[in-house]
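K.L.:
sequence first, predicted model second:
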Amino acid sequence: MEQKDFEIEAKRIRPQLYRQALHYLNNSDDADDVAQEVLIKLWSIRRQLEEYRLVEALALVITKHLCFNRLRKVTYQMCDWSKENITDETTPEDVYITKEEAGRIEEMIKTLPDIQQATLRMKHIDGLEVAEIARIIGSSEVAVRTNLSRARKKMMNYFGINK
């Protein structure tokens, strides 16, 4: 794709990319950043864009993935497993055990599929409701509940807790 063609296509699809990113992120600055990042990614593969029937569809998929990545990054930064509640009665052994358990939990969460990781973190770390999670990730509430259930089941199996 030539530069002129790319510029025309970018101007045409940018508002749609922005709207989709805003839908997921609820922040106009972040949505603008994502839309710009998508266009940069498309520019870097501009020679291959002619192979795609719908560049717009590719751009929307990239937008969705970048938004999910941002949501996961924000969720991870909000959850610092290394911090614990230390009181006067906390022993060094308690601190060590807490850190060790937190590390095991974090490692287990990393083995989950991306969507299960995201929904689990949004529900249990961010304290979001199922309806809000569904809106953020563009899914149904039933799908969110299913992903949460599967993630919890895998976590319980991993730690040997069978219901």
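P.N.:
Cool, got the structure.

K.L.:
can you tell me the element W43 falls in?
P.N.:
helix 28-44 (DSSP states H and E).

K.L.:
cool, F68 as well?
P.N.:
helix 55-78.

K.L.:
now the element after that helix, going C-ward?
P.N.:
The first helix or strand that comes after helix 55-78 along the chain, using DSSP H and E, is helix 92-111.

K.L.:
which neighbouring elements make contact with that next one?
P.N.:
When contacts are defined as 3 or more CB pairs under 8 Å, 6 or more residues apart in numbering; DSSP states H and E, helix 92-111 packs onto helix 114-124, helix 141-158. For glycine as for every other residue, the C-beta is placed from the backbone atoms N, C-alpha and C.

K.L.:
and that helix, C-alpha only, in CSV?
P.N.:
What follows is helix 92-111 as a C-alpha-only set of coordinates in CSV (Å, rounded to 0.1, in the frame of the first residue of the first chain):
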residue,chain,number,x,y,z
PRO,A,92,9.2,-13.1,59.7
GLU,A,93,8.0,-16.6,59.1
ASP,A,94,4.5,-15.3,58.4
VAL,A,95,5.9,-12.7,56.0
TYR,A,96,7.8,-15.4,54.2
ILE,A,97,4.8,-17.7,53.9
THR,A,98,2.6,-14.9,52.7
LYS,A,99,5.1,-14.0,49.9
GLU,A,100,5.6,-17.6,49.0
GLU,A,101,1.8,-18.2,48.7
ALA,A,102,1.4,-15.0,46.7
GLY,A,103,4.1,-16.1,44.3
ARG,A,104,2.4,-19.5,43.8
ILE,A,105,-0.9,-17.8,43.1
GLU,A,106,0.6,-15.3,40.7
GLU,A,107,2.4,-18.2,38.8
MET,A,108,-0.9,-20.1,38.6
ILE,A,109,-2.8,-17.1,37.3
LYS,A,110,-0.1,-16.7,34.6
THR,A,111,-0.9,-20.2,33.3
